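Q: Output the structure for:
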Amino acid sequence: MLLDLPHVHIFVVISGMGNHLESLRKFTTIVADTGDFESIRQYIPQDATTNPSLILKAAKMPEYEMLVNKVVAEAHEEAAGGDVMAVALDKLAVFFGLEILKIVPGRVSTEADARLSFDTQATLDKARAFITRYEKNGIDRKRILIKIASTWEGIHAAEELEKEGIHCNLTLLFSFHQAVACAEAGVTLISPFVGRIMDWHKAKVGSDFAPAEDPGVQSVTRIYNYYKKFDYPTEVMGASFRNTGEITELAGCDLLTISPGLLEELQETEGDLPLKLAVENAKQCDCEKISLDERTFRWEMNEDACATEKLAEGIRRFAADTVKLETFLGEKLQLQPA
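A: Below is the predicted model of the structure:
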C-alpha cells in the first residue's frame, strides 16, 4: 500500500556528518529519474519517473533485451490483427513501470504519448488504458501517476482523471500560470523543469547563475510558496536538474526527481544541508491568490516566452523519441512504425 508522503514542516539543519543525499532525504522525497532498474536499486528512491526518452534509452540496453522481446511477442498475440505497434508501445511502458514497482515502495510515473498533448479525449483514453493494464497486473492505481504535458488540454484531462481516482503528474511545466491551473484542477503532482528554465535564460544572457539566483530554482520556489500559502494539496516535484546546486537550493520541496549521475554526486559529497523550502516560510510569503480560465491561461502562456518555447520544444522532443521507439520496436516486430 502506498503511504501518504508527509510534507516537512521544520526549520533546522540536519546534524551529524553524512552526505548530501542522506541529508536531503530528511527534508524531501527522493525520486529516481531513470528507466534503469540497477540505478534505482542502487539509490533506493521512494518513487521513480519515466518518459519516452528514458524508456528508449533503457530498451536499447543489452540487459533489457529479454524484457523487450517478451513485450514484442505478447503484443503480437494481444493485437490479434489490430494495431500491433500501439499495443507494443503501451505494453513496454507498463512493463518498465511494473519492474520499477518491484523496487520502489511508492509510485511510478508513466507518460502519455506526447503526440496527444492537445487532445483531451485521447489523453483520457490513453490514461485509462494504462491504468487498466496496471490493475490487470495487480497494481493499485494509487501507485501510478500518469504523466501528461501541462497544456490546457492536458490539464483539463487530468482534472477529469483525478475525479476517477487516476492520479496525474503534470509534466513539461515551465511557468507559474501552468502551476496555478494544475492546482485549480486538483492534480496530484506537478513537475516543474528547473534545468530547462535555466537553459533558456542562460542562452539569453550568456552566463551561468549562482544556485540561489537560478531562474528555475526561483520558479519552483515561487510555486511551492504559493501552493503552501493557499493550502493546495498538489505536490511539487522539481525535475530536470543540471547540477547539484539547483537540487540543494530546493531542499524541503515535496519531491525532487534526480538522475543517477546527480544522485551519485550528492551521495559522494559530505556534509549537511540546510532546509531551503518550508511551509512556515511559505505561509508568510507576499502573494495573492489568482484564478485562471482558458482565455487567461492561454494569454499568460503567450506572454511567457520561456514557457511557450520550452513547452513546445519538450513536446516535440518526447514525440520524436516516441517515433524512435516505434522504429526500434518496428524492427523487432518486422513492420514499419505506424
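
Q: all strands for the stretch 201-338 of the chain, in order.
A: Listed in chain order, the strands of the stretch 201-338 of the chain (DSSP state E, counting those that start in this stretch) span residues 235-238, 255-258.

Q: For the longest helix anywhere in the chain, which helices and strands make contact with it?
A: Longest helix in the chain, counting residues (DSSP state H): helix 305-333. Judged by 3 or more Cβ pairs under 8 Å, 6 or more residues apart in numbering; DSSP states H and E, the packing partners of helix 305-333 are helix 52-59, helix 65-79, helix 84-101, strand 144-149, strand 168-173, helix 176-185, helix 194-205, helix 294-303. For glycine as for every other residue, the C-beta is placed from the backbone atoms N, C-alpha and C.

Q: can you give me how far the first one is from the chain middle?
A: By that I understand helix 52-59. 14 Å (Cα atoms, centre = their mean, to the nearest Å).

Q: Report the angle between the longest helix of the chain and helix 84-101.
A: Counting by axes from the mean of the first three to the mean of the last three Cα atoms, to 10 degrees, helix 305-333 lies at 110 degrees to helix 84-101.

Q: List the buried residues in helix 305-333.
A: Within helix 305-333, the residues scored as buried using 16 or more other Cβ atoms under 10 Å are 306-307, 310-311, 314-315, 318-319, 321-326, 328-330, 332-333.

Q: of all the strands of the stretch 201-338 of the chain, which lies closest to Val279?
A: strand 235-238 (11.6 Å; Cβ to Cβ).

Q: returning to what we had before: now the strands of the stretch 201-338 of the chain in TSV, with mean pLDDT, distance to Asp286 and mean neighbour count?
A: TSV is the format used below for the strands of the stretch 201-338 of the chain (pLDDT from 0 to 100; distance: least, Cβ to Cβ, whole Å; neighbours: other Cβ atoms under 10 Å):
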stretch	mean pLDDT	distance to Asp286	mean neighbour count
strand 235-238	98	19	26
strand 255-258	97	25	26
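
Q: ok so, going back, what about the helices and strands packed on helix 305-333, which gets the closest to Gln121?
A: strand 144-149 (12.9 Å).

Q: which residues are contacting the following helix or strand past the closest one?
A: Counting by DSSP states H and E, the next helix or strand C-terminal to strand 144-149 is helix 152-163. Here helix 152-163 makes contact (Cβ atoms under 8 Å, 6 or more residues apart in numbering) with 117-121, 123-124, 127-128, 146, 148, 167-168, 170, 178, 181-182, 185-188, 294, 297-298.

Q: any idea of the angle helix 152-163 forms with strand 144-149?
A: For helix 152-163 against strand 144-149, the angle between stretch directions is 160 degrees (the same axes, to 10 degrees).

Q: Just the buried residues of helix 152-163, please?
A: So helix 152-163, judged by 16+ other Cβ under 10 Å, has buried residues Trp152, Glu153, Gly154, Ile155, His156, Ala157, Ala158, Glu159, Glu160, Leu161, Glu162.

Q: related to what we said a few turns ago, buried among the contacts of helix 152-163? Make that a ChimeraX selection.
A: Of those, the buried ones go into a single ChimeraX selection, burial set by 16+ other Cβ under 10 Å:
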select :117,119,120,123,124,127,146,148,167,168,170,178,181,182,185,187,188,297
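
Q: now the buried residues of helix 152-163 as JSON lines including pLDDT?
A: JSON lines is the format used below for the buried residues of helix 152-163 (pLDDT from 0 to 100):
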{"residue": "Trp152", "pLDDT": "98"}
{"residue": "Glu153", "pLDDT": "98"}
{"residue": "Gly154", "pLDDT": "98"}
{"residue": "Ile155", "pLDDT": "98"}
{"residue": "His156", "pLDDT": "98"}
{"residue": "Ala157", "pLDDT": "98"}
{"residue": "Ala158", "pLDDT": "98"}
{"residue": "Glu159", "pLDDT": "98"}
{"residue": "Glu160", "pLDDT": "98"}
{"residue": "Leu161", "pLDDT": "98"}
{"residue": "Glu162", "pLDDT": "98"}
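
Q: Thank you kindly, that will do.
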